[in-house]
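> Here you go, sequence then predicted model.
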Amino acid sequence: MPSPTAEQPEQIRELFNRIAPHYDDLNQKLSLGLHRVWKQMTVRWANVPLGGQALDLCCGSGDLALLLARRVGRRGHVVGLDFSPAMLSIAGSRSRRVLPGYSLEWVLGDALALPFADHCFDGITMGYGLRNVTDIPRALQEIKRVLKPGGRAAILDFHRPTGIPLLEQFQRWYLNTQVVAQAKALGLGEDYAYIDPSLERFPSGEEQKQLALAAGFEQVTFFPLMAGMMGVLVIEKST
Ligand SMILES: C/C(=C\Cc1cc(O)c2ccccc2c1O)CCC[C@H](C)CCC[C@H](C)CCCC(C)C
Ligand SMILES: C[S@@+](CC[C@H](N)C(=O)[O-])C[C@H]1O[C@@H](n2cnc3c(N)ncnc32)[C@H](O)[C@@H]1O
């Protein structure tokens, strides 16, 4: 199966259905556990209040949604949305195991056509999803539509450490050798080989700020992580 290109959402869905059983373990191993730090920072930046309504877009196996649930507490409510049934199934079984009694809802849906009313969430997270959707401006418009005024979205993803050639070379080497080799051992080499080229067409932090301003957000900030190999776009809806 050739790796998906940005214009083929069905191939992206099939890719994540395929890697779902190994996704968490490979992320943990390949990032030396650091992805959990990046996700904790993302949830903090989303700044959802205790008892609030939160949405985790492209939730996958539920890492960010579970962190949001801990943040909003038992009186809050968290929705995790993804279009991969395999990922959502893992998220659901994990949440029942680790957070029984919390208000967590798993929705099979498209980030580009959210099945929610306007102005209904206090905060939104999106971890490693923006680079995988096929229409970034549309995704940002949907985020703005469903956020309450004053609500924030925190969007975590890979980034190119442009301006530091040695680090960019390291990132490409790590992704195309270490990551692919570990994935290949599980028959998922082609699926993980998709990551590095997906970074080529992914807007930089500054470009994402401009896209968010064009979508109507007035407060936009980009925080580089890992010397720019990762980053979090934080956008706030004022009206
Ligand atoms: C949680 C992480 C990646 C999620 C992820 C995103 C995608 O778009 C994928 C597409 C296709 C297959 C898999 C994924 C996917 O897992 C980040 C952590 C996992 C990364 C694979 C590790 C990369 C880490 C940095 C590039 C370099 C860190 C080096 C340091 C020595 C740990
Ligand atoms: C790399 S995973 C990220 C999972 C999780 N957010 C995390 O941080 O580990 C990307 C997820 O986005 C989902 N996805 C991609 N495009 C989507 C879309 N248009 N609508 C809903 N989910 C989508 C995939 O099914 C996959 O589960």
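Nice, thanks for sending it over. Ligands and ions are numbered 1, 2, ... in the order given.

> where does V78 land in three-state SS?
strand (DSSP: H, G, I helix; E, B strand; the rest coil).

> Am I right that it is in contact with S103?
Yes - applying C-beta atoms under 8 Å, one finds V78 in contact with S103, separated by 6.9 Å. Using the backbone N, CA and C atoms, a C-beta is placed for each residue, glycine as well.

> intersection of neighbour lists for these two?
By C-beta atoms under 8 Å, 6 or more residues apart in numbering, V78 and S103 have these common neighbours: A69.

> Neighbour count: the two, which is higher?
V78 (31 against 15; other C-beta atoms under 10 Å).

> From C58, how far out is that one?
Counting by C-beta to C-beta, to the nearest Å, the separation of V78 from C58 is 14 Å.

> any idea which strand is longest in this protein?
Taking DSSP state E as the criterion, the chain has its longest strand at strand 147-158.

> That one close to ligand 2?
No - using C-beta under 6 Å from any ligand atom, strand 147-158 stays clear of ligand 2, with a minimum separation of 6.8 Å.

> Residues contacting whichever helix or strand comes after that strand, please?
Scanning forward in sequence from strand 147-158 by DSSP states H and E, the next helix or strand is helix 165-173. Contacting residues not belonging to helix 165-173 are listed as 160-162, 196, 227-229 [C-beta under 8 Å, 6+ apart].

> now swap in stretch 145-152 and tell me
By C-beta under 8 Å, 6+ apart, stretch 145-152 touches 45-47, 53, 55, 114, 116-124, 153, 234-239.

> would you list every one of the helices in this structure?
Under the criterion DSSP state H, the chain contains helices at 9-30, 34-46, 63-72, 85-98, 136-146, 165-173, 180-184, 189-192, 195-200, 205-214.

> The first one to helix 85-98, inter-axis angle?
Pointing back at helix 9-30 there. Here the directions of helix 9-30 and helix 85-98 differ by 40 degrees (axes from the mean of the first three to the mean of the last three C-alpha atoms, to 10 degrees).

> got the angle for helix 9-30 vs helix 34-46?
Compare the direction of helix 9-30 with that of helix 34-46 by the same axes, to 10 degrees and you get 110 degrees.

> returning to what we had before: right, so the helices of the chain: which one is the most enclosed?
Mean neighbours per residue, mean count of other C-beta atoms under 10 Å, is largest over these for helix 63-72, with a mean of 24.

> and that one with helix 9-30, angle?
Interaxial angle, helix 63-72 versus helix 9-30 (the same axes, to 10 degrees): 70 degrees.

> Contacts for helix 63-72 next, please.
Against helix 63-72 from outside (C-beta under 8 Å, 6+ apart): 24, 35-36, 39-40, 42-43, 46, 48-54, 56, 59, 76, 78-80, 91, 94-95, 98-99, 102-104, 123, 125, 127, 156.
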